[in-house]
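[1] Give me a 3D structure for the following:
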Amino acid sequence: MLVKTTSGDVLTLTEYSNRTLSDNIGDVKNVSGIIVKTFTIHAAYALTPEQIQQLLSGISKIRIELNGDTNYEKEWKKDKISGFLTKEYNILTEAVQTDKKGSFTDDF
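    A predicted model of the protein is given here:
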């Protein structure tokens, strides 16, 4: 997957899992003679802390390589993602820092 930030940096993200993923056709509907298909793709990408900081500054475009002949590409004129990413990243960071549960094997 390619991600372009609002500052113009391009990140190349490699899928984290070693398993082969395939596109999943969800619903296929016929609406007034037009066939509408929905696809579901689940993929995980490993990110370094530096890449996360770049993404938090804003995303302007993504391109995802699909198994078919065409790729999925989406471009935004205004950043609509960084606010959500910042909020969720802060929640996760705080949860990791305040987790007092300890290890599963502690006091066994």
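[2] neighbouring contacts of the helix or strand Gln54 falls within?
    Per DSSP states H and E, Gln54 falls inside helix 49-56. Applying CB atoms under 8 Å, 6 or more residues apart in numbering, the contact partners of helix 49-56 are Val3, Thr5, Ser7, Asp9, Leu11, Leu13, Leu47, Ser82, Leu85, Thr86, Tyr89. In this view, the C-beta of every residue, glycine as well, is placed from N, C-alpha and C.
[3] Which parts of it count as buried, going by neighbours?
    Using 16 or more other CB atoms under 10 Å as the test for burial, helix 49-56 gives Gln51, Gln54, Leu55, Leu56.
[4] Please apply the same query to stretch 79-98.
    Under 16+ other CB under 10 Å, the buried positions of stretch 79-98 are Ile81, Ser82, Leu85.
[5] Closest one to Leu66 out of these, please.
    Set against Leu66, the nearest of the buried residues of stretch 79-98 by CB to CB is Ile81 (20.3 Å).
[6] Next up, the contacts around Lys29.
    By CB under 8 Å, 6+ apart, the contact set of Lys29 is Ile35, Val36, Lys37.
[7] I'd like the next helix or strand past whichever strand or helix holds it.
    Assessed by DSSP H and E, Lys29 sits inside strand 24-31. Scanning forward in sequence from strand 24-31 by DSSP H and E, the next helix or strand is strand 34-40.
[8] so what does that following strand touch, helix or strand wise?
    Where contact means 3 or more CB pairs under 8 Å, 6 or more residues apart in numbering; DSSP states H and E, strand 34-40 is packed against strand 24-31.
[9] Could I get the average pLDDT for the strand it packs on?
    The average pLDDT within strand 24-31 is 67.
[10] likewise stretch 65-73?
    For stretch 65-73, mean pLDDT is 79.
[11] One more: stretch 3-14?
    In this model, stretch 3-14 carries a mean pLDDT of 92.
[12] buried sites along it?
    Within stretch 3-14, the residues scored as buried using 16+ other CB under 10 Å are Val3, Lys4, Thr5, Thr6, Leu11, Leu13.
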